[in-house]
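Peer 1: please work out how this folds:
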Amino acid sequence: MSQANNSHTINGAFPSPEELGHRFQNFLHSLARPVVFFDTETTGTDPAIDRIIEISLLRASPLPIGIEPPRTWRLNPGIRIPAEASQIHGIRNEDVANAPTFADVAAEILQVVDGADLAGFNVGRFDVRVLQTELMRVGKSLDLSSVRIVDAQVIYHQREPRNLGAAVKFYCGKELLDAHGACADTLASLIVFAGQLERYPDLTVDIQELHTLSSAYNSGFADGGRRFVWRDNEPVFNFGKLRGKSLRWAANDPNERAYLRWILQGTFEDEMKAIVKDALEGRIRTRGLAEELPEGTRHEGAGVKTPGLKAPA
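Peer 2: Residues are numbered from 1 along each chain as shown. As a prediction, the model looks like this:
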């Protein structure tokens, strides 16, 4: 049996119902059964193929029980943790080499969530799905037919809209008139950016640094169409029948090379086709900064080419 480690809140210890406020106490009084708040750290962002590396469960029960100490497990996912994932959560392959597997702790996890509803941040779209998939892999299941799911991210986005009008009000204290008119929206984007510079003194005014910051959202993708994601600094399919498979593997598989040639004849984006064409010719693009490479190895577009690869027949 694995040993679960107690985790902590951002303030160093999990809070009491009194510390969370009167409204939260009313929430606990209203419960007919517990709610388990939980979060996962994983090998990637696809709940169908990625694995859990760490999971933490915190059970909030109707008063007088209240909040129980959280339980956290760090797990060996059974597959390599990509470098991109490690950069986000800081968990590396060597950190979990001797950790239990999900199969080792599945029964304990089910015991915590049994008879409870679920809650968390972005749990509905990702964490619940990756948990279900992991349970299925080990021959277990989580019946969600009667489980209520509370997603704090959905509430956040509903109450704090992320559109241009909301940005104008937040940064400039004004209402956006004629929203969705090109002229009004253009002017609004200008005053929002000016408001951001005023609000965040540490925000750079250098255009190149602003470009880098603005591109960070797409930095996990090898192309603008998001057909490939970076995994261990090489392209991995993000669509279709090869989703989750590496481009290097496909380019070296005689059967899949036909699929790559089909892509070149299709209506896909030119940038994506260029990546596939390189792979068919034995050059796998890698994630890196072209300006740090020696002259002659630079490549336009996402990433650079890996030199010296022999094209498979």
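Peer 1: run the chain-centre distance for the longest strand seen in the chain.
Peer 2: Selection of the longest strand in the chain by residue count, based on DSSP state E, yields strand 52-61. Once both centres are worked out by Cα atoms, centre = their mean, to the nearest Å, strand 52-61 turns out to sit 18 Å from its chain's centre.
Peer 1: ranges for the strands of this protein?
Peer 2: Taking DSSP E as the criterion, the chain carries its strands at 35-42, 52-61, 66-67, 71-74, 117-120, 149-151, 228-231, 234-237, 285-286, 304-305.
Peer 1: just put these in CSV and tack on mean neighbour count and distance to S246.
Peer 2: No exception for glycine: its C-beta is placed from N, CA and C like everyone else's. Written out in CSV, the entries for those read as follows (neighbours: other Cβ atoms under 10 Å; distance: least, Cβ to Cβ, whole Å):
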stretch, mean neighbour count, distance to S246
strand 35-42, 21, 18
strand 52-61, 22, 20
strand 66-67, 17, 43
strand 71-74, 20, 26
strand 117-120, 20, 31
strand 149-151, 16, 32
strand 228-231, 23, 7
strand 234-237, 24, 5
strand 285-286, 22, 12
strand 304-305, 20, 16
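Peer 1: among these, which comes closest to L210?
Peer 2: When those are ranked by proximity to L210, the top entry is strand 228-231, at 22.3 Å, counting by Cβ to Cβ.
Peer 1: regarding stretch 155-174, how distant is the last residue from the first?
Peer 2: Distance across stretch 155-174, first residue to last, is 24 Å (Cα to Cα, to the nearest Å).
Peer 1: which other residues reach it?
Peer 2: Here stretch 155-174 makes contact (Cβ atoms under 8 Å, 6 or more residues apart in numbering) with 121, 175-176, 179, 185, 188-189, 191-192, 195-196, 198-199.
Peer 1: would you mind putting the strands of the chain into TSV with mean pLDDT and distance to D278 alongside?
Peer 2: Listed next are these as TSV, based on pLDDT from 0 to 100; distance: least, Cβ to Cβ, whole Å:
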stretch	mean pLDDT	distance to D278
strand 35-42	94	29
strand 52-61	93	32
strand 66-67	86	53
strand 71-74	94	38
strand 117-120	94	40
strand 149-151	92	40
strand 228-231	88	12
strand 234-237	92	10
strand 285-286	90	6
strand 304-305	44	6
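Peer 1: let's have those strands in CSV, adding distance to F126.
Peer 2: Below are the strands of the chain laid out as CSV (distance: least, Cβ to Cβ, whole Å):
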stretch, distance to F126
strand 35-42, 8
strand 52-61, 11
strand 66-67, 24
strand 71-74, 18
strand 117-120, 9
strand 149-151, 10
strand 228-231, 15
strand 234-237, 18
strand 285-286, 27
strand 304-305, 31
